[in-house]
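# Let me see the structure of the following:
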Amino acid sequence: MTATTPKPTSVIPNFCEGIQYFGEPLPDFDKYGKESALSGNAVNPSDDAAVYQTLVYADALRYLTLQVTGSKASGHPGGFASQAEAYAALVMLGHKNIVTEVGHHAPGFYSAMFLDRSLEDMGISTVQQLRDRFREKHGLLGHLSGYIPGILAPAGPLGQGQHFAMSAALLHRDKLFPFTVGDGGLGEPYIMSSMGHFHTAYPDVTNFLPVLVWNGFSQEHHSMVSTKSNAEMIAYWQGNGFEEVILVDAKDFDDKNQPGDYVDSTAFSFSKRIEFTKAILENVDKAAKSALGGKLTVFIIKQLKGAGVHARGAKSHNLYPKDTLDAPHIANALKERALPAEVWQLVRTNLEKAGGGPASKTAVTEFELPLADIGALPLEEYEVGGEAKVSTTAMGRLVGVVGQKDKNFLVTNADGNEASGIANINQALKINHPVKDDLYNQAPGGQVYEPLSEDACAGLAVGLALMGARTLWCSYESFAINGLPIFQTVTQAMAELRRQTPSTITLYTAGALEQGRNGWTHQRPEIEAYFASMMRNGNVFPVFPPDANSIQVCYDWALTTKNKGIVITASKSPLAIRTTFAQTREGLENGAVVLQETAGSKTVVFAVIGDMTLIPVYEAAKALQEQGIGSRIVSVINPRRLYRSSDVAWDTCSEPDGGFIDDAKFHEMFGGDALIGVTGGASAMLEPIMLRSNCARDTFAWKRGETTASAGELMAFNGLTADALVKRGMELVG
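All right, here's what the predicted structure looks like:
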């Protein structure tokens, strides 16, 4: 292109209030920038005006990202800056359902949402307001959340973004879901393995597009993939099943002789910047069409981290207190990227139209996904005191019904449903597998997803729930730990969402007590402590059905809830039926239900979490009765209800649930001469009860694992025996 000298404009759009620096007129603006290059919702990637306008959009993103982070001397500009051309190309091509695996890209995403007017939905109409509300309460969080208009999914811990993109792709086959992944994130083992399993299970669902931001650095040093050659990187993705690997390397366009394998395109001459942007735009278009056309595709942009901002390499990653807008290195970087007012107006005009409008009005997550009508579940109430039943199997029958009525419904399990007493789920819904085999209940298109990774298992289940579908994540309690980070990410996002979505429901089976012969490697009851702490979040409800009747009611209730995390923990062993449906409904509302009460000179109250743990408690109650001491056995089904209202951040949740029992009801259930909390898991789950009780009290809980021949022997190893309970009860009542 030939440089010209266009006339500057003095008209500054209102939304630009707060921009500190405006630039000199750009070359060729009169030729390529006077009219929007969009035709309908997208540009033609071969159009010179489209290339030009994609480049200025990328620079607008860089400028805003740095100014916004500089306004608080905090935040992360470098990573997003190194791929600004790729993000700009996606949007200019009409693709706005963009996810990220990199929480540190947040200020770039906020800048994009500001430019297309999405943030006006939260009262941010000017750059000054954008600056003011960055990293502030009720504003633009330091990392992406479910609260921000136009943002599809949260982003924080690395290795999660692909789950959201794949979930959305599965539910919306006609749309593209790109997600950015950085050098650091590529070091997470989950990313490639989860995409590999997904592609094997769903070979026709390729409309998600990883965009690798290959910039040579992670957070504080060179990335571990920085030494790979282009050929090695391409081979890596091909070796992981990607049929189309498209790489654009800024080094190929460098006319400034920058050292090293990673270079900054913003240092090129203007004509070379145009060439680089043209390559990005055309190849992003090629990648998008490939992904939408049935090929597993990745697009790789190779450009130095921090391109176009205040520093390069890992030094560009994070701003510190010294990095204020007044600091010379920040001010100079902003001046370098500053744009004339007419360019800002052009960018705004383009982004208002690209993709059909602001992301806050077009992204799939801005709408509630229609849910299939599953009707009333066929609950089967067993006789109290009758034949022992397996709780998980009773729930599994209902899960099969849900899946047969709702074809979007998906069950995930990393360690096998049969081992958890829920083979009936596989029989009803089939394991999704390319090899059809009736013996193993597997077939292409099944609704049971079984990757051998808890992260992949939990990730797809909670991702689909966030996107609006019903799911169930099943796991051995022993192994669930690697799936908990994304469960936590999603439940926190659900607490902030501006729309309703089905709660994410999990079933944890075969707890530590049933894993005696396997030893401590299979005994991880401390997972319950994780959920105990999350109860205070306000929308997380661990529930503990004591039998096969109770679990059916718990699952039925969970399906009616919105924007919550419901964690059902139950055994796979046949156990006594102790409750009616009505009692569990009472327990879900009041937190607990009284199972048995015996009279005596004193009363020892047993607050029991779990099902197998009731066995020694009933034995203890009988022994106490023989000594003239009364007891009350209370099954704690929904401990979140037992907190005081002020203990929990329930009123900050988007779908608030303020159900807590009052002091009178608490005393009616737990008042006595002594209280003993009993759990086969972490004692932290008993906190709501111990906080409110005023009588002499103690807890019996898991201490550590060991190899044993039976659940009873393992409980004994941890002091959970009838004799120990009786002894302590007698001591407490004097």
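# quick one: low-confidence ranges for the stretch 601-734 of the chain?
Nowhere does the stretch 601-734 of the chain drop to pLDDT under 70.
# Start from the N-terminal end of it and give the strands.
The residue ranges that make up the strands of the stretch 601-734 of the chain, judged by DSSP state E, counting those that start in this stretch, are 603-609, 630-636, 674-679, 696-700.
# Please identify the deepest-packed of those.
A comparison of the strands of the stretch 601-734 of the chain by mean neighbour count, using mean count of other CB atoms under 10 Å, puts strand 603-609 on top with a mean of 27. In this view, the C-beta of every residue, glycine as well, is placed from N, C-alpha and C.
# on that earlier part again, can you list the strands of the stretch 601-734 of the chain in TSV and add distance to residue 287?
As requested, the strands of the stretch 601-734 of the chain are exported to TSV (distance: least, CB to CB, whole Å):
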stretch	distance to residue 287
strand 603-609	51
strand 630-636	52
strand 674-679	51
strand 696-700	56
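# mind checking which of the ones you listed is nearest residue 464?
Taking CB to CB as the criterion, strand 603-609 is the member of these that comes nearest to residue 464, at 29.2 Å.
# got the CA positions of stretch 648-665 in CSV?
Once non-C-alpha atoms are left out, stretch 648-665 reads as follows in CSV (Å, rounded to 0.1, in the frame of the first residue of the first chain):
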residue,chain,number,x,y,z
VAL,A,648,-23.2,-18.4,53.9
ALA,A,649,-22.9,-16.0,50.9
TRP,A,650,-26.3,-17.2,49.6
ASP,A,651,-27.7,-13.8,49.0
THR,A,652,-24.9,-12.9,46.6
CYS,A,653,-25.8,-15.7,44.2
SER,A,654,-27.8,-15.1,41.0
GLU,A,655,-30.3,-17.8,42.0
PRO,A,656,-30.3,-17.3,45.7
ASP,A,657,-31.4,-20.1,48.1
GLY,A,658,-31.9,-18.7,51.6
GLY,A,659,-33.2,-21.9,53.1
PHE,A,660,-31.8,-22.4,56.6
ILE,A,661,-33.4,-23.9,59.7
ASP,A,662,-34.1,-21.7,62.7
ASP,A,663,-32.7,-22.2,66.2
ALA,A,664,-35.9,-23.8,67.4
LYS,A,665,-35.9,-26.5,64.7
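# buried set for that stretch?
Buried residues in stretch 648-665, counting neighbours by 16 or more other CB atoms under 10 Å, are found at 648, 650, 653-655, 657, 660-661.
# Next: stretch 473-493.
Along stretch 473-493, the positions that meet the burial threshold by neighbour count (16+ other CB under 10 Å) are 473-480, 482-493.
# do the same with stretch 12-31
15-16, 18-20, 22-23, 25-29.
# could you pull out the helices for the stretch 351-500 of the chain?
359-362, 391-405, 423-429, 454-467, 484-496 (DSSP state H, counting those that start in this stretch).
# other SSEs contacting the second one?
Pointing back at helix 391-405 there. Contacts of helix 391-405 with other secondary structure elements, assessed using 3 or more CB pairs under 8 Å, 6 or more residues apart in numbering; DSSP states H and E, are made with strand 410-413, helix 423-429, strand 504-509, helix 548-560.
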